[in-house]
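1. Below is the sequence, then the predicted model.
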Amino acid sequence: MKYFQFKYLLQQEGWLQNAYVKTDQHGIIQSLSTTPPQEAAAIEYVNGFAMPGFQNAHSHAFQFAMAGMAEKHKPGTKDDFWSWREAMYECALRMTPDEMEQVATDCYKEMLRCGYTNVAEFHYLHHDQNGKPYTNLAEMGERLLSAAKTAGIKITLVPVFYQQGGFGMEPQPRQRRFISKTIDDYFHLLDDTAHAVTKFDHARLGFGVHSLRAVKSQDIIRTVEQGPKDIPFHLHAAEQLKEVEDSVAFLKKRPIEWLLENVPMNDRFHLVHCTHMNDSEVAELAKSKAHAVLCPGTEGNLGDGIFRLTDFYHHGGRWSIGTDSHISLNPLEDLRWLDYAQRFTTHKRNTFDDGATVLVNNTLLAGRRAMGNSSQAYFEVGQPLDAVVYDAKAPLLENAGSNHALPVILYTADSSKILGTMINGRWALQGRAYI
Ligand code: ZN
C-alpha cells in the first residue's frame, strides 16, 4: 500500500489539484481523492502534472535501428516510400534475434522516456534470415516481449499475416522473413505467439494482416472470420497513392472502400494510416466505429500525405497515434504534427476548439482500445496507476495553472519536461535516469 500526492492529476473533466492516490502492492489504484488520507501513511509528493500514460498504437521496433539513417540519397535518384522500403528490408534481413531484442529494448526505453506506457507492436519479422521458421515459431515475438519486460513498458504484441509480395504477386526474396504462405501457417504462428504472451506480465495479444497488398483478399476475409473475436485487429491501409492505384486496378475498389464492403468493421479494428480517403470513405469509416491509427512523424518522413483529421473528427471518427518507424518518439511532437497539418491546409487555428483536450482524449481512449484495453476513465479505482508526469517547476508550466496546463504541455513541451513515467505505481524512469 502506498500514497502519492500529485500536485495535479488529469481527469476527463480537467485537472484535480492535490490528488491523493492510494495504490496496493501491485500498483492498482485503491482510492483517489483530493482529501488527505485519514490513516497514518507515508505519502510521496510529486510536484508535477500527472497524465495517463500515452498509448503507442503502432510500432515496428526493429526499424529503430535505422531511424535517421535513410535520410541521404544520391542526387538524381528517386527517393520515396518505396526506396525507403528497400533500406528497411536490408535492415530486416540482417537482424538476429539477439539484435532484435537489444534494438527493441532501446526503443521501448526511449518510448517510456517520452511518456508512453503502452505499445502495440505490429510484428511481421517472424522467420530466420533464410526465411525458415525458427524452432520456436514465436522466437522473434518472444524477443519483443522480453524487450518490453526489460524496458518496463506494457506491450500488446500483434503478430500479423504477411503472405505475398503485392496484389497478386509472389513474395519477393527480400520479404522471406515475413511470409506465412497459408492461413493455417499464420494461425499456427498466432497460437504459438498467444502462448508466449501468457509467459509475460503486462503483455497482451492482438492480431491482423499486414495490408491489403500483402494478403490475398479472400484470406483477409477468412482471417477476420476465423480469428479471435475478443482482441484487436490491426492492419495498414491506404498509406500510399500507389497502393490506392494498385488496389483499384486489382480489387476494383479503393483500400478503405474494399474493407468497408468486405469486412464487418467495428471498434475492434485499427487501420493504420488511412492517409488517402475520399469523402465517402471518411464518412463511412467513422460510421463503422473502426479506429484510425495515425503516425504523423513517419507519414511526414515518408512523404505519405496528410490524413483528413478535421473531416474524420467531425464525422465522429476515432483515432490513436503510433510511432511506426520511430523517426519521432515524442507523442507531443506527433500530436502537434497532426494539428498543424490541419492548420496548414485549412488556414485556421484551433481546428478542434480545445485542441489539447481533443488530441489527448482521442489518442488515449482509442490507443487503449488498440491495446485491447477498454477502460475509459483516465485514472480510476481498480485500474493500474500508469502515468507520465510533467514537471510543475518547468518555466512555462509553473504559471500555467489548471486552465492552460494541458495546452502548454501539448503545444510547447518536449520530453525534457517529464519528471518521470510510472507503470503500476512505480517509477519506470525518472528524468533521464532509467531505474
Ligand atoms: Zn507500420
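-> Done, it's in.
2. Tell me how many other residues crowd His26.
-> Around His26 there are 11 other residues, counting by other CB atoms under 10 Å. The C-beta positions use only the backbone N, C-alpha and C, and glycine is treated the same way.
3. And Lys417, by the same measure?
-> Around Lys417 there are 22 other residues, counting by other CB under 10 Å.
4. who's in contact with it?
-> Each residue near Lys417 by CB atoms under 8 Å, 6 or more residues apart in numbering is listed here: 390-391, 394, 397, 409.
5. per-residue confidence at the closest residue to it other than its chain neighbours?
-> Sequence neighbours aside, Ala394 is the residue nearest to Lys417 in space, at 4.6 Å (criterion: CB to CB, 6 or more residues apart in numbering). At Ala394, the pLDDT value in this model is 93.
6. Phe200 too?
-> In this model, Phe200 is scored at 98, pLDDT.
7. Might one say that it is in contact with Lys149?
-> Yes. Contact criterion CB atoms under 8 Å: Phe200 and Lys149 qualify, at 5.8 Å.
8. the helices in the chain, which residues?
-> 81-94, 97-113, 139-151, 183-198, 217-226, 241-251, 255-262, 279-288, 296-301, 309-314, 331-346, 355-371, 395-398, 401-412 (DSSP state H).
9. Could you dump the ones you listed into CSV and include mean neighbour count and distance to Pro36?
-> Conversion of these to CSV gives the following (neighbours: other CB atoms under 10 Å; distance: least, CB to CB, whole Å):
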stretch, mean neighbour count, distance to Pro36
helix 81-94, 15, 53
helix 97-113, 21, 30
helix 139-151, 23, 35
helix 183-198, 18, 40
helix 217-226, 16, 51
helix 241-251, 17, 57
helix 255-262, 21, 52
helix 279-288, 18, 45
helix 296-301, 22, 42
helix 309-314, 18, 40
helix 331-346, 19, 32
helix 355-371, 22, 28
helix 395-398, 14, 24
helix 401-412, 17, 19
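10. Between these, which one is closest to Asn47.
-> Smallest distance to Asn47 across the helices of the chain (CB to CB): 10.2 Å, for helix 395-398.
11. what's the closest non-adjacent residue to Trp84?
-> Take Trp84 and drop its neighbours on the chain: the residue closest to it by CB to CB, 6+ apart is Ala70, 5.5 Å away.
12. Tell me, how many residues neighbour that neighbour?
-> Around Ala70 there are 21 other residues, counting by other CB under 10 Å.
13. so what's it up against?
-> Neighbouring residues of Ala70 by CB under 8 Å, 6+ apart: 84, 87-88.
14. Tell me, how many residues neighbour Lys2?
-> For Lys2, the tally of surrounding residues (other CB under 10 Å) stands at 17.
15. beta partners for the closest residue in space to it that isn't next to it in sequence?
-> Spatial nearest neighbour of Lys2, excluding adjacent residues (CB to CB, 6+ apart): Thr23 at 5.2 Å. For Thr23, the beta-bridge partners are Lys2, Ile29 (DSSP bridges).
16. Which residues are in contact with Thr23?
-> Contacts for Thr23 (CB under 8 Å, 6+ apart) come out as 1-4, 29-30, 385, 424-425.
17. Now do Glu90, the pLDDT please.
-> 84.
18. next one: the one 5 residues further on
-> The score at Met95 is 93. That number is its pLDDT.
19. For it, give me its contacts.
-> By CB under 8 Å, 6+ apart, the neighbours of Met95 are 62, 65, 103, 125.
20. how far away is the last one from Tyr134?
-> This means Leu125. Separation of Leu125 from Tyr134 (CB to CB, to the nearest Å): 11 Å.
21. Pick out whichever of those two has more residues nearby.
-> The neighbour count for Leu125 versus Tyr134, taken as other CB under 10 Å, is higher for Leu125 (21 against 14).
22. Where among the helices of the chain is average confidence lowest?
-> Among the helices of the chain, helix 81-94 scores lowest, at a mean of 81.
23. now that helix: how far from the chain's centre is it?
-> Chain-centre distance of helix 81-94: 21 Å, with CA atoms, centre = their mean, to the nearest Å.
24. helices or strands up against it?
-> Using 3 or more CB pairs under 8 Å, 6 or more residues apart in numbering; DSSP states H and E, no helix or strand is in contact with helix 81-94.
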